[in-house]
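Engineer: predicted coordinates and the sequence they were generated for:
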Amino acid sequence: MPALGIIVVAAGSGTRLGHPEPKAFVELRGLAILEHALMGVFDSIEPAQVVVVAPESRLAAARTIARRVAGPADASVSVVAGADSRQGSVLAGLAALAPEVEVVLVHDAARALTPGSLVDRVVRAVRSTGGGVIPALPVADTVKRVADGTVRETVDRSDLVHVQTPQGFPRAALDAAYAAATQEYTDDAALFSADGGTVTTVEGEARAFKITTPWDLRRAENVLGARTGGLRTGLGFDVHAYDEADPLWLGGLYWPDEPGLSGHSDGDAVLHAICDALLSAAGLGDLGSRFGTSDPRFQDAASEVFLKETLALVAGAGFTVVNVSVQVIAARPKIAPRRSELEVHLTTLVGAPVTLGATTTDGLGFTGRAEGIAVVATALLSGS
């Protein structure tokens, strides 16, 4: 088990954000705020046990998001129910950590754009100091002390900072501080200090601002839009075996008198490869992590469903499809007689030019033995 634990607090109501759903589940450029926050966590270097603390009513959604972001590291993530207060939610997260965890980071999901480099910075500082560590940025604005609407004095800002998360602590000392707490504190550093712990700072990140109001949400959208500028390419690949018992759907078209393709859905390898290429280019994972075979909703589903959802995710992440190129590798069906029809249909589905080619492997491999189909796709996206 990792020696690092990261508690991601996502149990807040988000009333000030003006949405009916909890804040962490509000959409930001096509993805939930929680998903963006977890992507930053998983961009960090050191393996960690990640505990997501979510509202009781959103545990299933939180688990789905966490598994999707974690991918092959999904065994390191767990989801627990939060409490009525932030302090109670952190306590629930602490209770879910494995005994082997020695360093704990507490992170607010609302700081959705926090980069993995800041997580690494805090972890290193906790290990080097042996105490609590918080990211901080200097206060740039002039600060006034006001009473009854009247300015009383200008406050010296030289020793003032804005505090962010993740905040890091030695596990044993943080557990003791929580056990001793008799009141609510505004953050974990204050609680830790109240129990006699020493807290130092590391340099924060401008992108780690907290999404609290609609203005903050729009600011986050703008930051993501700037980050995704330029061109991005992605590669997709899919393979399916023939199944004589099923109809063949390929490229969104029906192919009569041809063996179908086995799969959880309709097995359309062309659409699956296109989805993979689009997700890859946008940095949104892959088809398996987005529409896994364990999800009964996609049993025998038409693959156009996956493509529509993929295109929505790509657009939500701030990208526009420039073009897609597809190469089918198969002994059958013969693609050439329907190539133009396929390209027109796929171009309509994708909303951008799609070109399609086909080849065989001259009798070599499983495609050469006519056991199945392989498809390679590439996608070019432009940041909006």
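Structural biologist: The structure has been received and is ready for your questions. In this text the structure is predicted, and so the values were computed from the model without any measurement.
Engineer: so Ser265 sits in a strand?
Structural biologist: No: counting by DSSP: H, G, I helix; E, B strand; the rest coil, Ser265 falls outside a strand, being coil.
Engineer: let's have the chain start at 28 instead
Structural biologist: Sure, I'll start counting at 28 from here, so that last one is Ser292.
Engineer: isn't it right next to Ser330, touching?
Structural biologist: Yes: using C-beta atoms under 8 Å, Ser292 makes contact with Ser330 at a distance of 5.6 Å. To be clear about C-beta, it is placed using only N, CA and C from the backbone, and glycine gets the same treatment.
Engineer: comparing these two, which residue is more hemmed in?
Structural biologist: Set Ser292 next to Ser330 and count neighbours by other C-beta atoms under 10 Å: Ser330 wins out with 27 against 21.
Engineer: so who does the more buried one touch?
Structural biologist: When contacts are counted by C-beta atoms under 8 Å, 6 or more residues apart in numbering, Ser330 is found next to Trp276, Gly279, Ser292, Asp293, Gly294, Asp295, Leu298, His299, Cys302.
Engineer: pLDDT at it, what is it?
Structural biologist: Ser330 carries a pLDDT score of 83 in this model.
Engineer: burial check on Thr386, number of neighbours?
Structural biologist: Neighbours around Thr386, by other C-beta under 10 Å: 11.
Engineer: sorry, that was for Thr177
Structural biologist: Neighbours of Thr177 (other C-beta under 10 Å): 7.
Engineer: helices of this structure, start to end?
Structural biologist: Using DSSP state H, the helices of the chain run over residues 60-69, 86-97, 113-122, 143-156, 198-207, 215-221, 241-254, 296-309, 314-317, 331-343, 366-377, 392-395.
Engineer: which one, of these, ends up nearest to Ala358?
Structural biologist: helix 392-395 (6.2 Å; C-beta to C-beta).
Engineer: show me what counts as buried in that closest one.
Structural biologist: Across helix 392-395, burial judged by 16 or more other C-beta atoms under 10 Å covers Phe393, Thr394.
Engineer: from Leu369, how far out is Val381?
Structural biologist: 8 Å (C-beta to C-beta, to the nearest Å).
Engineer: more neighbours: those two, which one.
Structural biologist: Val381 (24 against 21).
Engineer: residues touching the more buried one, list them.
Structural biologist: So Val381 contacts Ile301, Asn350, Val351, Ser352, Val353, Glu370, Leu373, Thr374 (C-beta under 8 Å, 6+ apart).
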